[in-house]
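1. 3D, please:
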Amino acid sequence: MSQVNKLLMNIAVPVRLKLMNKILSRSHWHAEQIRDYQTEKLKHIIKYCWEYVPFYQKHWADAGIDPLQINTIEQLCQLPLLTKADVRNELESLTTTKLGVKYSEARTGGSTGSPVIFRMTKFDEEMSWAQMYVGWTKAGYSVGDPFLIVGGESVGAGLSDNRTWKDKIINRWVTSGSNLTLDRAGFLAQSPHFHKIRMIYGYPSAIHQLGEFLNELGTKPQTLKGIICTAEVLRPEIRNRIEQLYGVKALDQYGLNDGGLHACEGPEQQGLHLSFHRGVLEVIDDDGNQVWKPGETGRAIATCFTNSAMPFIRYETGDRLHWLENDQRGFECKWPRLGPIDGRTGDIIKLPSGKVITMPGLTLVMRWLNGLHRYQFIQRTQDEIDVVLDVGRDFTKSKGELIQYFGDKISAEIRWNVIFGKPELTKNGKLLIVVNKLR
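-> Numbering: from 1, shown residues only. The predicted structure is shown next:
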């Protein structure tokens, strides 16, 4: 069946697979080749924005910057940052005015607690998929292999486990991360495809919880080669437990679709190999200076140069990360490596009935609330949860409507307390989507 799906994918998504093979052929590229490639693409996208994107014309002119003088990655720091607020408030002016550029609307999954609407071209979308497929090969994936998605809409799973025609073509099966239960795990384990699955991809909290249920049932996929975790911080204890439950390696992935970034661990599990094909990553300190020293943590700033519909130039991602030593001896892939991402973290909500809601189930609900800037779920008791919402002026739902909405979409078992305000942050300024204070 894998060969049939490989043939179907070559018919349905030929550009995606062509780009994937091109990226794979560049695995051996060294730092100088990568820098030359990115510099050429960077100069082109800056010139393009200066000609066709009204927001950058004003943004850069107001800062007194001549963008055409930016010729290197090091000079990028002369340009002002693009914030999530800019993206929310300036959607139209951030969209290209060049005639003939076709695009579709996209929406981030909300796993950062801050959903964002943006626009992207078909080519950029295919490049995004190609980068991701390359990352999956590190877990043993081959084009056409059956694989399982466990999580929320940002990784291809909705509120149900139903398959679309696209799922059937790429041999993808889905298990929603919303309301995982022992019964649902049992239904998956009894399905004909369960022991054909070669790879699992999704949120570590959901993959972990599913694994616990499968372990309780005394089963696991027999042909599984590897697991790719994304969207949340993969904590060491969760990684270890996932590997115990499934009997294969769990690799970490970092993706930022709007910013064009993608990085994935190799089987050696020593840092995430950063792809350079859609964009450029800067790590900056609190004074705005670029950080190149290994191990020195800074803010992640993304520049995407393949999305001609709505280019993201020096985008403030909200994540913190650091470079690893650029010693590539012993690594098949020679790309720069990142250390663990200090970014998105997910806990779980426990309901009185015993059901568990992982972060994917929440992001499915929250990403469609227009005007929502950031959000946080705080479980204080078994039957009571505070939902803290940081909203904009265009947010229209009342507290009563939201309580009804959460009861219908998440669970009616518990009492929902809606609080308009700023979410709690960690000591290093990070947002935890779920804070479970049950002891």
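
2. contacts and neighbour counts: CA atoms only from here.
-> Will do.

3. mind listing the strands in the stretch 151-300 of the chain by residue range?
-> With DSSP state E, counting those that start in this stretch applied, the stretch 151-300 of the chain shows strands at 172-176, 199-202, 226-229, 250-256, 261-265, 272-274, 279-284, 298-304, listed in chain order.

4. The top strand by length along the chain pairs with which strands?
-> Of all the segments assigned as strand in the chain under DSSP state E, the longest by residue count is strand 372-381. Each strand that pairs with strand 372-381, with its direction, by DSSP bridges: strand 384-391 (antiparallel), strand 434-436 (parallel).

5. I would like the residues contacting that strand, please.
-> Contacts of strand 372-381 with the rest of the structure, by CA atoms under 8 Å, 6 or more residues apart in numbering, involve 113-115, 349, 385-392, 395, 422-424, 431-438.

6. what helix or strand is the residue of the chain most remote from its centre on?
-> Among residues of the chain, the one most distant from the C-alpha centroid is G64; the distance is 33.8 Å, by CA atoms, centre = their mean. Secondary structure assignment for G64, by DSSP states H and E: no helix or strand.

7. coming back round to it: drop anything exposed from the contacts of strand 372-381.
-> The neighbour-count criterion (16 or more other CA atoms under 10 Å) marks 113-115, 349, 385-391, 423-424, 431-436 among the contacts of strand 372-381 as buried.

8. Where does pLDDT dip in this protein?
-> Across the chain, the ranges flagged by pLDDT under 70 are 1, 109-115, 152-161, 178-179, 329, 342-347, 358-361, 364, 426-430, 439.

9. How many residues are close by N89?
-> N89 sits with 12 neighbouring residues when counted by other CA atoms under 10 Å.

10. Strands of the stretch 1-150 of the chain, start to end?
-> Assigned strands in the stretch 1-150 of the chain, in chain order: 104-107, 117-120, 147-151 (criterion: DSSP E, counting those that start in this stretch).

11. Run through the helices of this protein in chain order.
-> Residue ranges of the helices in the chain, as given by DSSP state H, are 2-12, 14-24, 31-52, 54-62, 84-89, 122-137, 165-170, 182-189, 204-217, 236-246, 359-366, 399-409.

12. thinking again about what came up before, out of the strands paired with strand 372-381, flag the one nearest C333.
-> When these are ranked by distance to C333, counting by CA to CA, first place goes to strand 434-436 at 35.1 Å.

13. okay but K138 is in contact with G266, surely?
-> Yes - with contact defined as CA atoms under 8 Å, K138 and G266 form a contacting pair (5.4 Å).

14. residues contacting R198?
-> So R198 contacts 140-141, 145-147, 223-226 (CA under 8 Å, 6+ apart).

15. Let's have these in JSON lines, adding neighbour count.
-> As requested, the contacts of R198 are arranged in JSON lines below (neighbours: other CA atoms under 10 Å):
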{"residue": "G140", "neighbour count": "15"}
{"residue": "Y141", "neighbour count": "21"}
{"residue": "D145", "neighbour count": "20"}
{"residue": "P146", "neighbour count": "25"}
{"residue": "F147", "neighbour count": "24"}
{"residue": "T223", "neighbour count": "12"}
{"residue": "L224", "neighbour count": "24"}
{"residue": "K225", "neighbour count": "18"}
{"residue": "G226", "neighbour count": "25"}
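
16. so which of the strands paired with strand 372-381 comes closest to G400?
-> Nearest to G400, of all these, is strand 384-391, at 12.7 Å by CA to CA.

17. Now tell me what touches the closest one from outside.
-> Around strand 384-391, the neighbours that count as contacts under CA under 8 Å, 6+ apart are 371-380, 414-423.

18. Swap in 7 Å and give it another go.
-> The set of residues that contact strand 384-391 without belonging to it, under CA atoms under 7 Å, 6 or more residues apart in numbering, is 371-379, 414-423.

19. Now the buried members of those.
-> When burial is judged by neighbour count using 16+ other CA under 10 Å, the buried members of the contacts of strand 384-391 are 371-379, 414-418, 423.

20. which of those lies closest to D319?
-> Set against D319, the nearest of the buried ones among the contacts of strand 384-391 by CA to CA is R374 (14.4 Å).

21. beta partners of the closest one?
-> Legend: beta-bridge partners of R374 under DSSP bridges are D390.

22. What separation do you get for it and Y56?
-> For R374, the distance to Y56 equals 25 Å [CA to CA, to the nearest Å].

23. Ok, K220 next?
-> In this structure, K220 and Y56 are 51 Å apart, going by CA to CA.

24. Which one's more surrounded, those two?
-> Neighbours were tallied for K220 and for Y56 using other CA under 10 Å; the higher tally belongs to Y56 (23 against 17).

25. Return the residues in contact with the residue nearest to K102 when sequence neighbours are not counted.
-> Spatial nearest neighbour of K102, excluding adjacent residues (CA to CA, 6 or more residues apart in numbering): T121 at 6.1 Å. Contacts for T121 (CA under 7 Å, 6+ apart) come out as 102-104, 307-309.

26. Quick one, which of these are buried?
-> Taking 16+ other CA under 10 Å as the criterion, what is buried in the contacts of T121 is 103, 307-309.

27. who wins for proximity to E92 among the strands of the stretch 151-300 of the chain?
-> When those are ranked by proximity to E92, the top entry is strand 298-304, at 17.8 Å, counting by CA to CA.

28. any idea of the angle the closest one forms with strand 279-284?
-> 160 degrees (axes from the mean of the first three to the mean of the last three CA atoms, to 10 degrees).

29. Distance of the residue farthest from the centre of the chain relative to N71?
-> For G64, the distance to N71 - CA to CA - is 17 Å.

30. likewise L94?
-> When distance is defined by CA to CA, L94 is 22 Å away from N71.

31. neighbour count winner among these two?
-> Between L94 and N71, L94 has the larger neighbour count (other CA under 10 Å), namely 24 against 15.

32. Pull the contacting residues for that one.
-> With contact taken as CA under 7 Å, 6+ apart, L94 is in contact with 53-55, 310.
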